[in-house]
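# here is a sequence with its predicted model. Questions after.
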Amino acid sequence: MKTQTLGLETRLTHAGRRPADHSGAVNTPVYRASTILFPDLAALEAKESARLRYARRGTPTTHALENAVCELEQADHALVAPSGVSAISVVLMSFAEPGAHLLMSDSAYGPARKFCDTMLRKFGVETTYYDPCIGAGIEALIRPETRLIWMESPGSQTFEVQDVTAITEVARRRGVATAIDNTWSGGYFCQPISQGADISVQAGTKYISGHSDLMLGTIACRADQYDRLRETYLRFGLCIGGDDAFLALRGLRTLPIRMAQHHASGLSVANWLLQQPEVRRVIHPALPGDPGYAQWQRHFSGASGLFGFVMTRTDRPALGRMFDGLRLFGMGSSWGGFESLLVPSNPAAYRTATEWNPGGQTVRIHVGLENPEDLIDDLRQGFDRLVA
Ligand SMILES: *Cc1c(COP(=O)(O)O)cnc(C)c1O
């Protein structure tokens, strides 16, 4: 059910909830289930058409989450998967057939590339990586056998903002499906399906969860892609447990206020970083000087807490002094939780269509929900150790 006349905050407050169905409880309860019992033989025989038939095919808790993801992404249908990578793999696999061709942004998440280079290749699917900033120029790369164009915007390591409107317009005209990794925006700052994409995927692990305690993938799509995606999803036997669906729904309720804070705090830290002599460049699409700024303004209503910067120093002992003494920033994979993270990254290592040569050490930062002044202090002391 799409109720787009209401604001997204309002829809996320009410999505996937029907208290009257659950003794008045505000939240849809956790259904832990495998077997679903039928009251009589006739009902058992008709179970193929029943909404509930076996918990691998969904429970009221997972259905509630799917409904809420539809609201978030302004989609007709949604599927929920055990991780972001499994959601990506379902989408890519759904377009695989021997001889098929796939276009994938050079900025795409590493494991998405890996799926193309290993699994899809084994099945005779060829992948061409393209410059994320190609825009309408994507048309020249489309072949008769091209089945899917994959986007990630902004790229979660290098933050190029793609011209989703232009790419999906070309794709539609040429009869090619489009899918996008929308994890960076949390779905709150961008609804790519309303910008022309057929499929929008998220690592729900990140902002939907928001609390670093959940692995989840979401697939949202237009009506005409649902059967194809659901078929792959079912054949792989994917499903998620009720507790995880509950945590995701709980996270979604506060997504708008969390994202607003990530936006504000992220920009505070980014603007401070811009002034630092140890920083060569800040890679944040919501900064007016960023190459992606114009596209960001057209496609997003805000910025999340994840961005990058390039440090002038690259020597390992100095970086060690800086990173090892951080009090508030953690070091580790993932992002989108309430806590801040800082990790060195090496985008040059995987790119094949474009060069990444920013003239220093690239660092990825996630600005969490701490007081940004405290985060800036932690970074300032880090830079002091770096140059000591
Ligand atoms: C983390 C991430 C994923 C994968 O999600 P998992 O839940 O870790 O499998 C996919 N895309 C992007 C952009 C990510 O950052």
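All right, it came through fine.
# need the residues of this structure near the ligand, please.
Within the chain, the residues that sit near the ligand (C-beta under 6 Å from any ligand atom) are 83-85, 109, 152, 156, 181, 183, 203, 205-206, 215, 217, 334. C-beta coordinates here come from the backbone N, C-alpha and C atoms, glycine included.
# least confident pick among those?
Among the residues of the chain next to the ligand, residue 156 carries the lowest pLDDT, at 92.
# give me phi/psi at that residue?
phi -80, psi 0 (degrees, to the nearest 10).
# got the contact list for it?
If a contact means C-beta atoms under 8 Å, 6 or more residues apart in numbering, then residue 156 has 107, 109, 181, 183, 184, 306 as its contacts.
# how about a cut-off of 6 Å?
Residue 156 is in contact with 109, 184, counting by C-beta atoms under 6 Å, 6 or more residues apart in numbering.
# residue ranges with poor pLDDT in this protein?
1-4 (pLDDT under 70).
# strands along that one, start to end?
Ranges of strands in the chain, per DSSP state E, are 77-81, 101-105, 126-130, 146-152, 177-181, 199-203, 217-221, 279-283, 306-311, 341-345, 361-366.
# how about a markdown table for those, with mean neighbour count added?
Shown next, in a markdown table, are the strands of the chain (neighbours: other C-beta atoms under 10 Å):
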| stretch | mean neighbour count |
| --- | --- |
| strand 77-81 | 24 |
| strand 101-105 | 23 |
| strand 126-130 | 19 |
| strand 146-152 | 24 |
| strand 177-181 | 26 |
| strand 199-203 | 30 |
| strand 217-221 | 29 |
| strand 279-283 | 20 |
| strand 306-311 | 23 |
| strand 341-345 | 18 |
| strand 361-366 | 22 |
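# which single residue in the stretch 101-250 of the chain comes nearest to the ligand?
Closest contact between the stretch 101-250 of the chain and the ligand, by C-beta to the nearest ligand atom, is at residue 203 (3.0 Å).
# which residue is the nearest non-sequential neighbour of that residue?
Excluding its sequence neighbours, the residue lying closest to residue 203 (C-beta to C-beta, 6 or more residues apart in numbering) is residue 84, at 2.6 Å.
# again, but for residue 28
residue 64 (4.1 Å).
# was I right to think that neighbour contacts residue 16?
Yes: assessed by C-beta atoms under 6 Å, residue 64 is found in contact with residue 16 at 3.5 Å.
# which residues does the residue nearest to residue 203 contact?
Contacts of residue 84 (C-beta under 6 Å, 6+ apart): 203, 205, 217.
# can you give me the end-to-end span of stretch 133-143?
19 Å (C-alpha to C-alpha, to the nearest Å).
# off-centre distance for it?
Distance of stretch 133-143 from the chain centroid (C-alpha atoms, centre = their mean, to the nearest Å) equals 23 Å.
# what are the buried residues along it?
For stretch 133-143, a neighbour-count test (16 or more other C-beta atoms under 10 Å) marks 133, 134, 135, 138, 139, 141, 142 as buried.
# got the contact list for that stretch?
By C-beta under 6 Å, 6+ apart, stretch 133-143 touches 101, 103, 128, 130, 160, 163, 166, 167, 170, 174, 176.
# neighbours around the spatially closest residue to the fifth one that is not a sequence neighbour, how many?
Taking C-beta to C-beta, 6+ apart as the measure, residue 160 lies nearest to residue 132, with 4.1 Å between them; neighbours along the chain are not counted. Under the neighbour criterion other C-beta atoms under 10 Å, residue 132 is assigned a count of 27.
# quick one: contacts for residue 132?
105, 106, 107, 155, 160, 162.
# determine which two of these are furthest apart.
106 and 162 (10.8 Å; C-beta to C-beta).
# which one's more surrounded, these two?
Neighbour tally, residue 106 and residue 162, criterion other C-beta under 10 Å: the higher count belongs to residue 162, 27 against 24.
# ok now do residue 74, which residues does it touch?
191, 193, 194.
# of those residues, just the buried ones, PyMOL syntax please.
To isolate the buried members of the contacts of residue 74 in PyMOL, using 16+ other C-beta under 10 Å:
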select buried, resi 191+193
